[in-house]
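Visitor: Just to be clear, the model below is a prediction. Sequence and coordinates:
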Amino acid sequence: MSLIADRYASSQMRQIWSRESKVLKERELWITVMKAQATLGIDISKDVLEDYERVKSKIDLSSIDRREAELKHDVKARIEEFNFLAGHQSIHVGLTSRDVTENIEGWQIKQSLHLTLASSNLLLQELIEEIEKYADLPIVGRTHNVPAQLTTLGRRFASWSEEFLFALEGLENLESRFPLKGIKGAIGTGSDLKSMVGSNWQSLEESVLKGLGIEKALIAPSQIYPRSIDFQVISSLFQLASPLASIATNIRLMAGLGLVAEGKASSQVGSSAMPHKNNPRLCERVNALFIVLKGYLTMASEISGNQWNEGDVSESVVRRVALPNTFYCIDAILRTMTKVVKELEISKDNIAREVDLELEYLLSSKVLLLAFEKGVGRESAHRAILECADKSRNPNSESFFTLISKTSELKVSESELLKIKSALENHLGDAQLQTRTLLNLAKTRVLRLPKMTILKLDEILN
């Protein structure tokens, strides 16, 4: 098991990628193939099948490891272990190792994608609540992390959610069309299987697909399936994590200004030295896991477009590390962010104070438009307003709007400035409309995403 799995991922995702689960699914695949072979005329008795069925759940990883240490071949070790337990040598006839490993890994990927979509559904529901709750709450919008114009907190959540929805659409599409390699023998032609059972050998593959609950298989793969498919899986998960990393980053920035805070348990300690602190540790975790995920994306890119003929094992180490750990990362990122959003504490008072403090500067573009309407050249007005802004930041200076009202070149009166300043709702643009439009889209998507029982968030978020 990996450190990421042990420390951050849920037991549901760990179960999909556990060695025990993989061994069991391989044994079920072998049994499915034997049953199909028996149907096609191969001499495999009912008693033999029952003997394999009886022992398929007796999984001794230590025994398998001892066999592998001697044989220097992982699949051969698992074949011999299963044969020893059943007392027969009837599995894996006409197959190659990759008929077993590639299809089971495909099943693991498919299951993990389904779980990822279900977890995404939970997060999306929490984001919807925040969008709806704060659709009309004005906040200071920032560009370059500097106060810019007014927006609403709900729109900020809507902006993050729109990127998340875009990534989800791609992941849904990938999950729906993700194929298995199929059962096709040593180099993909099915030569040995065809010699063994005749032209109907592909019915073996149909039985395996049905047993694994997956409809599609590749038509003409080599011994392995194209590793660019692995890259697409990991890149789709990276894309899904990207908006969540942005949310985490922005919550950290907002927490630094006292606008929001992560929920805090009564006994939780923020700092060993500074008792008052409540650090955004879960958001920091999301950002760190995102960096790790990026590393696996790079690893997957290295094994894409690098296949030798019908296949080799030069990419095995990369895939054994990258595939499960990628899913552990996205699993932890999704569940951690769900907890963050669900328990996020919003300081409306601090948000309002920041708006009040920055408001005149946030309306500088409105003043520019007003001066232009009065016949002042745009660039001349821009220059004069900039001079007022710079001067107003001196410690003993008058306020920004006071300086503007005293700048005759701008032709803007104090009463006009007060009117602009008092009509806060007029300076949000279509923030509220955009927020509610996105909200309706998100609600529709929630209904489409898969639903399954997800473990309590606290299970993985210590």
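Guide: Arrived safely, thanks for sending.

Visitor: Quickly note the distance from the nearest residue to residue 257 once chain neighbours are set aside to residue 145.
Guide: With sequence-adjacent residues excluded and distances taken as C-beta to C-beta, 6 or more residues apart in numbering, residue 257 is closest to residue 354, at 6.8 Å. C-betas here are computed from N, CA, C, even on glycine. Separation of residue 354 from residue 145 (C-beta to C-beta, to the nearest Å): 13 Å.

Visitor: Residue 417 and residue 366 touch, don't they?
Guide: No - between residue 417 and residue 366 there is no contact under C-beta atoms under 8 Å: 9.4 Å.

Visitor: if you count what's nearby, which of those two comes out ahead?
Guide: Using other C-beta atoms under 10 Å as the criterion, residue 417 and residue 366 rank with residue 417 on top: 22 against 17.

Visitor: Please settle this for me: is residue 48 part of a helix?
Guide: Yes - assessed by DSSP: H, G, I helix; E, B strand; the rest coil, residue 48 belongs to a helix.

Visitor: Does it touch residue 91 like I think?
Guide: No - between residue 48 and residue 91 there is no contact under C-beta under 8 Å: 9.6 Å.

Visitor: what's the overlap in contacts for these two?
Guide: residue 34 (C-beta atoms under 8 Å, 6 or more residues apart in numbering).

Visitor: which of those two has more neighbours?
Guide: Counted by other C-beta under 10 Å, residue 48 and residue 91 do not tie: residue 91 has more neighbours, with 23 against 18.

Visitor: Next one, pLDDT for the more buried one please.
Guide: Looking at residue 91, its pLDDT is 97.

Visitor: And the one 5 residues further on, by the same measure?
Guide: According to the predicted model, the pLDDT of residue 96 comes to 93.

Visitor: what sits against the closest residue to it other than its chain neighbours?
Guide: Nearest residue to residue 96 in three dimensions, chain neighbours excluded: residue 186, at 4.5 Å (C-beta to C-beta, 6+ apart). Listed by C-beta under 8 Å, 6+ apart, the contact partners of residue 186 are 96, 192, 223.

Visitor: hmm, back to that, so for residue 354 and residue 145, which sits in the more crowded spot?
Guide: residue 354 (18 against 8).

Visitor: and that one, what helix or strand is that in?
Guide: Take DSSP states H and E as the rule and residue 354 turns out to sit in helix 348-362.

Visitor: ok, now residue 117?
Guide: Taking DSSP H and E as the criterion, residue 117 maps to helix 97-133.

Visitor: now the angle between helix 348-362 and the next helix-or-strand element following the helix holding residue 354, please.
Guide: Downstream of helix 348-362, the first helix or strand assigned by DSSP H and E is helix 364-373. Relative orientation of helix 364-373 versus helix 348-362 (axes from the mean of the first three to the mean of the last three C-alpha atoms, to 10 degrees): 30 degrees.

Visitor: Helix 364-373 packs against which elements?
Guide: If contacts are counted by 3 or more C-beta pairs under 8 Å, 6 or more residues apart in numbering; DSSP states H and E, helix 364-373 sits against helix 378-392, helix 414-422.

Visitor: Check whether residue 301 really touches residue 231, as I assumed.
Guide: Yes - assessed by C-beta under 8 Å, residue 301 is found in contact with residue 231 at 5.8 Å.

Visitor: of these two, who's got more company?
Guide: Legend: neighbour count by other C-beta under 10 Å for residue 301 and residue 231, higher for residue 231 (19 against 16).

Visitor: Reduced to three states, what does residue 323 come out as?
Guide: Look at residue 323: counting by three-state DSSP, its state is helix.

Visitor: number of nearby residues for it?
Guide: Look at residue 323: counted by other C-beta under 10 Å, it has 21 neighbours.

Visitor: on contacts alone, who are the packing partners of the helix or strand encompassing residue 176?
Guide: Under the criterion of DSSP H and E, residue 176 resides in helix 153-177. When contacts are defined as 3+ C-beta pairs under 8 Å, 6+ apart, helix 153-177 packs onto helix 97-133, strand 138-143, helix 227-256, helix 431-448.
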